[in-house]
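Student: What follows is a protein structure lacking sequence information:
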């Protein structure tokens, strides 16, 4: 049994039929082929699956696709504009805030959520906002610097 949902993803409205148990992360990756949203742990611990739903950062492995009926969803693919990378994406590149890149989309989505509420966060506030995101490569120092750079921009 499927359910019809209407959702806006990265600015484009669409209708889709989903099974009630389909997770949002699976809908984005498998149905819409938006593979920038990663599955890292299957336990909602790592933050690699972060997306924005109606402007709030959520772990898409903890939501069903049916729950976004009528909502607006932004994935990492929707962050860049026609004129280039989002300032956070550019700052991560400039500050070497990534190594393998697996956690980067989720980090950027969490950082964008932080900056939407706090345009000049302290280092402590940045680190607190990233507590739900794991990076196994960088040690977070360059990630924090990247977010500070984006905030300054």
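Tutor: On my side now, so go ahead. The shown structure was predicted, so the numbers you read here are calculated from the model rather than taken from an experiment.
Student: Can you list the residue ranges for helices in the chain?
Tutor: All helices of the chain, identified by DSSP state H, fall at 24-26, 87-94, 104-117, 123-129, 141-152.
Student: Residue 62 is nearest to which of those?
Tutor: Nearest to residue 62 among these is helix 24-26 (8.2 Å), distances taken as CB to CB. For every residue, glycine as well, the C-beta is placed using N, CA and C.
Student: can you redo the helices of the chain as a markdown table with mean pLDDT and distance to residue 74?
Tutor: Listed next are these as a markdown table, based on pLDDT from 0 to 100; distance: least, CB to CB, whole Å:
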| stretch | mean pLDDT | distance to residue 74 |
| --- | --- | --- |
| helix 24-26 | 98 | 12 |
| helix 87-94 | 96 | 12 |
| helix 104-117 | 97 | 8 |
| helix 123-129 | 97 | 17 |
| helix 141-152 | 96 | 16 |
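Student: Select, out of these, the one closest to residue 36.
Tutor: helix 104-117 (4.8 Å).
Student: And the closest one, what does it pack against?
Tutor: Contacts defined by 3 or more CB pairs under 8 Å, 6 or more residues apart in numbering; DSSP states H and E place helix 104-117 against strand 50-53, strand 56-59, helix 87-94, helix 123-129, helix 141-152.
Student: deepest of those, which one?
Tutor: Ranked by mean neighbour count, those are led by strand 50-53 with a mean of 24 (mean count of other CB atoms under 10 Å).
Student: now it, how far from the centre of its chain.
Tutor: 5 Å (CA atoms, centre = their mean, to the nearest Å).
Student: partner strands of that strand, parallel or antiparallel?
Tutor: strand 56-59 (antiparallel), strand 72-74 (antiparallel) (DSSP bridges).
Student: Adding mean pLDDT as columns, could you present the ones you listed in CSV?
Tutor: Supplementary listing: the strands paired with strand 50-53 in CSV, determined by pLDDT from 0 to 100:
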stretch, mean pLDDT
strand 56-59, 97
strand 72-74, 98
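Student: Make a markdown table out of these and add distance to residue 37.
Tutor: Formatted as a markdown table, the strands paired with strand 50-53 follow (distance: least, CB to CB, whole Å):
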| stretch | distance to residue 37 |
| --- | --- |
| strand 56-59 | 10 |
| strand 72-74 | 10 |
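Student: For residue 7, find the nearest of the ones you listed.
Tutor: strand 72-74 (6.0 Å).
Student: That's all I had, so thanks and see you.
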